[in-house]
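> Predicted model, plus sequence, below.
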Amino acid sequence: MRARVDTAQELTRFHYLARAVALAAASQIPHAPVLEEKAELARVAWEQTLAADAFRERVFELRYPVRVLEEWASADTDTPPRQDELVSAYRELLAATDKLDDGPTERVVRQALADLEPGRMWPARREDAVPDIPPVDDRYAHHSFYWPDTVVPGYPYGEGIALRVRSAVSHLNEVWAVNTAGAITWALAPELGWEWIRDAGRWTYDEARHMLMGKRRLEAWGLPPAKTPLGGYIYEACAGQDPLYRLGMLGYFETKNIGRKKERARVFHELGDTLSETDMEFDWADETLHAEYGRRWLKALLAARGEDPEGWPQVLERCEQLVAGAVATATEADRVAIVACADELLALAGVSKDENIPAPY
Ligand SMILES: [Fe+2]
Ligand SMILES: [Fe+2]
């Protein structure tokens, strides 16, 4: 039977193992081309942060009143444990745990074990760089500027059916947010520590769900990926930049439409489009959380660097400039190509030309 102090030690080790898996999974997200792979890595990252957090809290309970986790020799390993290694370690602990004395440990380890379904995508190693330009999912039509309204003045955001298509394309293109969240989860981990990793794991998973929401709706309407634009100019705008700006982008550009989401959900309700409506409602709830993450962690990062935490508006200003700079690189060929792509997708969705007339540009 395992003693209290011995259990705390083992749970400390589990915390670091799960944390290593979470960071490895997050680091691989921008390197994985296929959307489903990214989403699976995001889910693993999130689940492992939940497990690691539960282990950590249990260690604090067992060691009360000490709320400091011991350092663990291999804490910074960039080779995470294999899934089967974790399964064996958890099973071993469960077999030795007295369910009456240590029910709370039994519960968290059992939950962590339940998340280790066989056949899951599992990160083999931690990447050591954030790619400036992530590989693209080549099933889709690649356009950095993924809808004309970003680069073609006067091109409508759309109403009715066109709005639902635009909104689903926006959701799909949150791939930039998934890549960004994955990249900064591990890139900022050394500066921000565990609580950041925990929040960022959830943030990454949420953005992956938003991306898949768009994918699911477009598929439900029979719109082919090959005709659907996919790009990531906001991610690309941060090439070579301090991850601070990626955090700014995610905290700001990804949440700035939050006010419109409720309104869009209503429009979709009136159209009788329950799927779009429900997606939008859940997205809205996630974004309220993300706006809070953005504010909190941007300030925390500035403070951790010895800068004024109230200097965050300058960070966002720089983010605006970076995006404006990226948008300014759009060529006439880019504009022609994305207008043709969007017009064709809208036509396939049943939007007639005169329902969505682009202004001349
Ligand atoms: Fe999102
Ligand atoms: Fe978000």
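Structure's in. What do you need? Ligands and ions are numbered 1, 2, ... in the order given.
> Following the chain onward from whichever strand or helix holds Gln28, which element is next?
Gln28 belongs to helix 4-28 when assigned by DSSP states H and E. The C-terminal neighbour of helix 4-28 among helices and strands, as given by DSSP H and E, is helix 35-62.
> just checking, what packs against that next one?
Counting contacts by 3 or more CB pairs under 8 Å, 6 or more residues apart in numbering; DSSP states H and E, helix 35-62 is packed against helix 4-28, helix 103-114, helix 175-187, helix 189-220. Using the backbone N, CA and C atoms, a C-beta is placed for each residue, glycine as well.
> wait, what's in contact with whatever residue of the stretch 151-300 of the chain ends up closest to ligand 2?
Across the stretch 151-300 of the chain, no residue is closer to ligand 2 than His290, which sits at 3.7 Å (CB to the ion). Contact analysis of His290 by CB atoms under 8 Å, 6 or more residues apart in numbering lists Trp203, Asp206, Leu250, Gly251, Glu254, Thr255.
> got it, and Ser167?
Residues in contact with Ser167 (CB under 8 Å, 6+ apart) are Gly214, Arg264, Phe268, Ser276, Met280.
> quick one, phi psi at the last one?
Going back to what we said before, that points to Met280. Torsion angles at Met280 (phi, psi; degrees, to the nearest 10) stand at phi -70, psi -40.
> so which helix or strand takes in the nearest residue to it once chain neighbours are set aside?
Distances taken as CB to CB, 6 or more residues apart in numbering put Ala265 closest to Met280, at 4.1 Å, once the chain neighbours are dropped. Using DSSP H and E, Ala265 sits within helix 258-270.
> average pLDDT across that helix?
What helix 258-270 shows for mean pLDDT is 89.
> Show me what that helix is packed against.
Secondary elements touching helix 258-270 (3+ CB pairs under 8 Å, 6+ apart): helix 160-172, helix 274-304.
> now these as a markdown table including mean pLDDT and distance to ligand 1?
A markdown table is the format used below for the helices and strands packed on helix 258-270 (pLDDT from 0 to 100; distance: least, CB to the ion, whole Å):
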| stretch | mean pLDDT | distance to ligand 1 |
| --- | --- | --- |
| helix 160-172 | 96 | 8 |
| helix 274-304 | 96 | 6 |
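> buried residues in the helix holding Gln28?
Buried residues in helix 4-28, counting neighbours by 16 or more other CB atoms under 10 Å, are found at 7-28.
> With stretch 49-57 instead?
Those would be Thr49, Leu50, Ala51, Ala52, Asp53, Ala54, Phe55, Arg56, for stretch 49-57 by 16+ other CB under 10 Å.
> Show me which of the residues you listed is closest to Ile133.
Distances from Ile133 to the buried residues of stretch 49-57, taken as CB to CB, are shortest for Thr49 (27.2 Å).
> Distance of the closest one relative to ligand 2?
16 Å (CB to the ion, to the nearest Å).
> With Gln111 instead?
On the measure of CB to the ion, Gln111 and ligand 2 end up 26 Å apart.
> Can you give me the neighbour number for that residue?
The tally of other residues near Gln111 (other CB atoms under 10 Å) stands at 14.
> next one: the one 3 residues further on
Applying other CB under 10 Å, we find 11 other residues in the vicinity of Ala114.
> Tell me which residues touch the closest residue to Ala112 other than its chain neighbours, please.
Distance criterion CB to CB, 6+ apart; nearest residue to Ala112, sequence neighbours excluded, is Ala51 at 3.9 Å. Neighbouring residues of Ala51 by CB under 8 Å, 6+ apart: Phe14, Ala18, Val108, Gln111, Ala112, Asp115.
> Leu289 too?
Shown in contact with Leu289 (CB under 8 Å, 6+ apart): Arg202, Asp206.
> For the remainder of this discussion, apply numbering that starts at 55.
New numbering, starting at 55: the last item is Leu343.
> Arg179 reaches Pro134, doesn't it?
Yes: between Arg179 and Pro134 there is a contact under CB atoms under 8 Å: 7.3 Å.
> So the two - more neighbours on which side?
Legend: neighbour count by other CB under 10 Å for Arg179 and Pro134, higher for Pro134 (24 against 12).
> which SS state does that one fall under?
Counting by DSSP: H, G, I helix; E, B strand; the rest coil, the backbone at Pro134 sits in coil.
> Let me know whether it touches Val75 as I believe.
Yes: using CB under 8 Å, Pro134 is in contact with Val75, at 4.3 Å.
> where do the contact lists of these two overlap?
Residues touching both Pro134 and Val75 (CB under 8 Å, 6+ apart): Pro177.
> quick one on the thing from earlier: identify, from the contacts of Ala105, the entry nearest to Ala380.
Nearest to Ala380 among the contacts of Ala105: Ala72, at 36.1 Å, using CB to CB.
> can you pull the contacts of the closest residue to the closest one other than its chain neighbours?
Counting by CB to CB, 6+ apart, Ala106 is the residue found nearest to Ala72 once chain neighbours are left out, at 3.7 Å. Ala106 sits next to Phe68, His69, Tyr70, Ala72, Arg73, Ala76, Trp248, Ile251, Arg252 when contact means CB under 8 Å, 6+ apart.
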